[in-house]
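S.K.: I would like to see how this sequence folds:
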Amino acid sequence: MFTIDYAYGRLFDKRDAFKPFDFFRFNAAFNLGIGKTEEYKQPPIGQFRIYGILYGHTSSTGNDGRFLWGIFNHYDYLENNVYQVGGVSVGLGAGYRTAQNKDIQFIGLVHGAALLMGGANSDYSEFYKVEFLGDTARTYNMGPGAHAKLEAILRFPLGSLFLGYSFWVGPKGMIKRKVADKAMTRFKHRIRQLTRRNRSQSLSDIISRLRSYMLGWKGYFGRAQTPGIWRRLDQWLRHRLRAIQLKQWKRGKTQYRELLALGASAHVARQIAANSRCWWRNSAKLLNSVLTISYFDGLGLPRLS
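M.R.: Residues are numbered from 1 along each chain as shown. The predicted structure follows:
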């Protein structure tokens, strides 16, 4: 057996009101016809279900969840080698979705509907017909009724299931590994702690502290297939370190002298020193030509890319 499950629209979107079939869900199960004998073989279509919203509203709850109520239209068909059941119904439905920023998200829906027209048939009815009803009797039942449905879904972020890794869709639809968002946020937070500009440490000491952390982090997440993200992280980190170096040199005269000692031209050193208090802005421009990638390589700063 294989199944198809497809949902169109976003059921808990913030909106004034739903229009007919702004959201619908389709589910079908197909049998492969495998059985020891003809008696045990299942029909090709095991089930076919579709329901959609006709009218509804959503609202927020106090804990950032979303509540929904609406009128839904249902069509259900189930078949196996014993019975067939089908019906069309309309009724009320209500649902709740927890906040999306949780590690595990819960979605629950409950439906109660009036069955406008339904039908049921069973292979047992053939025996009942022959033995008790006669050849003119029908072997199925049709009529109105009622039914209820309960649907519950738990969503787990992929990154939380694979110890810090997540996935992204690359070129040609290829699924590739990446560092999960939470793991990346923790990494940046730790880097900011280690590179605070109010620390009274030399640049080489800061890089020494960074080195042990970054090598361990890179060793674990080195299988992530995100070269562009690695390059941007390297650039961001060197940007922070250049800003730290400028702040440690403090005065414009000291910056001018130290930059000349590192091989900067007098023109470049003068431009940087003229804005001696603009550490972050200066560290993203001309300073790149002085405190280069090879300069940080020489200090022992690991590269992620």
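S.K.: could I get the full set of strands for the stretch 101-250 of the chain?
M.R.: Ranges of strands in the stretch 101-250 of the chain, per DSSP state E, counting those that start in this stretch, are 105-122, 140-155, 165-169, 175-179.
S.K.: partner strands of the second one and their direction?
M.R.: If I follow you right, that is strand 140-155. strand 105-122 (antiparallel) (DSSP bridges).
S.K.: my guess is Gly108 contacts Glu151. True?
M.R.: Yes: if you go by Cβ atoms under 8 Å, Gly108 and Glu151 touch, sitting 7.1 Å apart. C-beta: built from backbone N, CA, C; applies to glycine.
S.K.: for Ser294, see how far away Thr195 is.
M.R.: Remark: distance between Thr195 and Ser294 (Cβ to Cβ, to the nearest Å) = 20 Å.
S.K.: re the thing from before, as a markdown table, the strands of the stretch 101-250 of the chain with mean pLDDT would be great.
M.R.: Shown next, in a markdown table, are the strands of the stretch 101-250 of the chain (pLDDT from 0 to 100):
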| stretch | mean pLDDT |
| --- | --- |
| strand 105-122 | 83 |
| strand 140-155 | 79 |
| strand 165-169 | 80 |
| strand 175-179 | 85 |
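S.K.: could I get these as TSV with mean neighbour count and distance to Ala224?
M.R.: As requested, those are exported to TSV (neighbours: other Cβ atoms under 10 Å; distance: least, Cβ to Cβ, whole Å):
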stretch	mean neighbour count	distance to Ala224
strand 105-122	16	24
strand 140-155	12	23
strand 165-169	15	7
strand 175-179	16	5
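S.K.: what about those strands, which gets the closest to Asp205?
M.R.: Asp205 lies closest to strand 175-179 among these, at 27.2 Å (Cβ to Cβ).
S.K.: relative to strand 165-169, how tilted is the closest one?
M.R.: Taking axes from the mean of the first three to the mean of the last three Cα atoms, to 10 degrees, one finds strand 175-179 and strand 165-169 inclined to each other by 140 degrees.
S.K.: report all helices and strands that strand 175-179 contacts.
M.R.: With contacts defined as 3 or more Cβ pairs under 8 Å, 6 or more residues apart in numbering; DSSP states H and E, the packing partners of strand 175-179 are strand 165-169.
S.K.: which helices and strands does the strand it packs on pack with?
M.R.: Where contact means 3+ Cβ pairs under 8 Å, 6+ apart, strand 165-169 is packed against helix 158-161, strand 175-179.
S.K.: what does that strand rub up against?
M.R.: By Cβ atoms under 8 Å, 6 or more residues apart in numbering, the residues outside strand 165-169 that reach it are 157-159, 175-181, 183, 221, 223-224, 226.
S.K.: report pLDDT for Pro157.
M.R.: Pro157 carries a pLDDT value of 57.
S.K.: check Asp123 too.
M.R.: 59.
S.K.: all numbers from here: first residue = 28
M.R.: Yep, numbering from 28; the last one is Asp150 now.
S.K.: what about the residue nearest to Gln275 when sequence neighbours are not counted, distance to Gln298?
M.R.: Distances taken as Cβ to Cβ, 6 or more residues apart in numbering put Leu230 closest to Gln275, at 7.0 Å, once the chain neighbours are dropped. Noted for Leu230: a distance of 21 Å to Gln298, by Cβ to Cβ.
S.K.: likewise Phe248?
M.R.: Counting by Cβ to Cβ, the separation of Phe248 from Gln298 is 38 Å.
S.K.: okay, the two: which has more neighbours?
M.R.: Neighbour count, other Cβ atoms under 10 Å: between Phe248 and Gln298, Phe248 has more, with 20 against 17.
S.K.: hang on, isn't the more buried one packed against Val206?
M.R.: Yes: using Cβ under 8 Å, Phe248 is in contact with Val206, at 5.1 Å.
S.K.: which strand or helix spans the residue nearest to Ser86 when sequence neighbours are not counted?
M.R.: Spatial nearest neighbour of Ser86, chain neighbours left out: Phe94 (5.2 Å); criterion: Cβ to Cβ, 6+ apart. Using DSSP states H and E, Phe94 sits in strand 93-106.
S.K.: how about the helices in the protein?
M.R.: 151-155, 185-188, 208-221, 230-248, 254-276, 279-288, 293-301, 306-309, 320-325 (DSSP state H).
S.K.: neighbours around the residue nearest to Gln275, how many?
M.R.: Residues lying near Leu230 (other Cβ under 10 Å) number 17.
S.K.: now the closest residue to Leu142 other than its chain neighbours: how far from Ile256?
M.R.: Computed as Cβ to Cβ, 6+ apart, the closest residue to Leu142 that is not its neighbour in sequence is Gly172, at 3.9 Å. Taking Cβ to Cβ as the measure, Gly172 falls 56 Å from Ile256.
S.K.: so Ser303 sits against Gly279, correct?
M.R.: Yes: contact status for Ser303 versus Gly279: in contact at 3.8 Å, counting by Cβ under 8 Å.
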